[in-house]
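> sequence unknown, structure follows:
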């Protein structure tokens, strides 16, 4: 017979090397300021584990205030053995929602805002770690005596309390004072050599030393390795790593090893590799082959064309009411219902290009191809401003992205004032002095103007929503010249705490759809409801043009993989006459959801996968990066017209997924010209080299095969050899030969 001995210790501590780890506490619901006091008697409090929410420990569906108290002894031996005897850290991996933490009756930190705060309750972020630092000489610490950590928690709904695997108190090691930042700079490429700036910050008062090891590998093969001594003064330092070899899909690791304890910080990057050929000087027109608009409203179409400037544009066949600004390359005006075929030409000193574009004007022709542009959220978050929007719009033009069809400039959350005008109209906050002037500025440059709201009383960021003010807001958007509305469900769900039925979910979107009819504008209507109740089946019925099919995306492979590769069914509903599923914005370039931006943590290969898959899905292409910091790799990723043409293909038929093996997925898409696009995706963590037979995906003919990223033909036939880096892609177009 086997016996299992389980020991459960309440308010106990485990001393592991230089760390005291907490596993349990005592707990009480309610709120009393006296519970922060170290002398408070808590023997009658209930025991609780720190690893999981209180709902899982007998407090099901409890929301509101609760307190944790943790007793521990702080041995002086901890200080004696510490290398740097400067600061102590108290760490909790997560507290849901807001908290104030006390040590021996003294407040040492808080996250979020409590309900009594003059600015109102605000969640501290469910997964936000709590790091509280205390000087080792602070008299609040009781050495070799009992200490008490008291945590006042407020849970505004859902799960609540302290959670996570490790909770502890410890002395900071030398490495803890050092941050190594490899995501605030790009890789610079010159003459087939690569350089990169690494930024260090030493928060210790003295000098800390170590070794920086830079290793470049291609797969398991070592290409180069270099060690250099690093001396970090207190404050910020910059080190430039030069002469890294430019090898396609090679990885470089940076490891800083601190001298005293030999502990390390590290980062691994894939060196960017550019596949898109250099743009040609001869004119090439890239505007979509169809363009839709409502009749009798302002019409704006900017001709997208690459080639050296100056360039002369001409348009023939315009319907009555539309005019062409040849200098700016803009078609403007308004016109009536109908289908019109116009011919556009672009000419420079090198040559000329022509393209026929079909204008479809009708009440249900608001948008016929997925929108391409920029949204402020993934870079600026709630810190968006008029100046940031204008600088982003200017940067889109200056970079050349508008020449490839990128033209929407969309403001997300954070523009709204705290209250409405006396007449009930919404108005912007101080960051946006004149919305109409901003709209006019964008339109003069040929760009479209987007805005954001919610059917609830507040937005996700806590700003004013459109609840019961839909008509007023739609008219206001029309006066400002809005061309795109992202309508985010957010607080509307609070009206139905037991969950939304399908009718309840559709109702607010239908209300705003009818309101937008009186705006006097051709407004693309973007439903942001995270794919609830299979929105791809009903988005069109409530007037939507695009609809979110997923939750929010973040810049990591798991997020990209889980969202992108689950879109086969939603994309099967796409069509110019129906609308388009939106798997969320592109996470390339510098992102950050606030003022502290970083280079996306997707590898270059993952970014090629990102763009390839979104284009196969006919997804809206909305950038979420800082356009003023577009680097050469990101620009080339976004400016491959053969890849973008897959997204803008007028058939807009969803791709079919084939899982060839655990490592490979092939997505096959029919195109309007009778050819097919194939995305061959490597889902594994290692390079895959393989002969792929097209008959495995139902393609039995012999084909001309074109590599869309490299814009060149490969061998003709029915078999192709692929060599794809980890999480990378080969994107092909095949035509029967």
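Structure received. Keep in mind the model is a prediction, meaning the values are calculated, not measured.

> okay, now residue 616: neighbour count?
By other C-beta atoms under 10 Å, 27 other residues sit near residue 616. For glycine as for every other residue, the C-beta is placed from the backbone atoms N, C-alpha and C.

> ok, now which ones touch it?
Residues near residue 616 by C-beta atoms under 8 Å, 6 or more residues apart in numbering: 646, 655, 667, 669, 677, 679.

> which of those residues sit farthest apart?
646 and 667 (10.8 Å; C-beta to C-beta).

> first-to-last residue distance for stretch 551-563?
8 Å (C-alpha to C-alpha, to the nearest Å).

> should've said stretch 287-302
End-to-end distance (C-alpha to C-alpha), stretch 287-302: 8 Å.

> okay, buried residues for that stretch please.
287-288, 290-295, 297-302 (16 or more other C-beta atoms under 10 Å).

> who's in contact with the closest residue to residue 566 other than its chain neighbours?
The shortest distance from residue 566 to any non-neighbouring residue, by C-beta to C-beta, 6 or more residues apart in numbering, is to residue 550 (7.5 Å). Residue 550 is in contact with 530-531, 563, 566-567, 583-584, counting by C-beta under 8 Å, 6+ apart.

> in terms of helices and strands, where is residue 550?
Following DSSP states H and E, there is no helix or strand that holds residue 550.

> same check on residue 706?
Per DSSP H and E: residue 706 is located in strand 703-707.

> now that strand, how far from the centre of its chain.
33 Å (C-alpha atoms, centre = their mean, to the nearest Å).

> can you list contacts of it?
642, 694, 712-718, 720, 730-737.

> quick one: which of the buried residues of stretch 287-302 is nearest to residue 516?
Taking the buried residues of stretch 287-302 together and measuring to residue 516 by C-beta to C-beta, the closest member is residue 294, at 10.1 Å.

> I'd guessed residue 681 sits against residue 726; true?
No: the criterion here is C-beta atoms under 8 Å, and residue 681 misses it with residue 726 at 11.0 Å.

> looking at the two, which has the bigger crowd around it?
residue 681 (27 against 20).

> quick check, that one in a strand?
Yes: using DSSP: H, G, I helix; E, B strand; the rest coil, the assignment for residue 681 is a strand.

> which residue sits closest to it, ignoring its sequence neighbours?
residue 665 (4.6 Å).

> OK, contacts around that neighbour?
Counted by C-beta under 8 Å, 6+ apart, residue 665 has contacts 565, 657-659, 680-681, 683.

> residue 559 in helix, strand or coil?
Taking three-state DSSP, the label given to residue 559 is helix.

> my read: it touches residue 583, true?
No: using C-beta under 8 Å, residue 559 makes no contact with residue 583, being 10.7 Å away.

> who has more neighbours out of the two?
Per other C-beta under 10 Å, whichever of residue 559 and residue 583 has more neighbours is residue 583, with 24 against 18.

> and the more buried one, what does it touch?
Contacts of residue 583 by C-beta under 8 Å, 6+ apart are 548-550, 553, 563-564, 567, 570, 614, 617, 619.

> and it, how far from residue 552?
Remark: distance between residue 583 and residue 552 (C-beta to C-beta, to the nearest Å) = 11 Å.

> residue 568 now?
In terms of C-beta to C-beta, residue 568 sits 20 Å off from residue 552.

> now swap in residue 384 and tell me
17 Å.

> more neighbours: the two, which one.
Relative neighbour count places residue 384 above the other of residue 384 and residue 552, with 24 against 15, counting by other C-beta under 10 Å.

> just give the nearest non-adjacent residue to the more buried one, would you?
Using C-beta to C-beta, 6+ apart, the closest residue to residue 384 is residue 376 (4.3 Å).

> please enumerate the helices of the stretch 551-700 of the chain.
557-564, 568-571, 604-616, 632-638, 641-647 (DSSP state H, counting those that start in this stretch).

> the chain now?
76-81, 377-380, 386-399, 435-444, 470-480, 502-516, 557-564, 568-571, 604-616, 632-638, 641-647 (DSSP state H).
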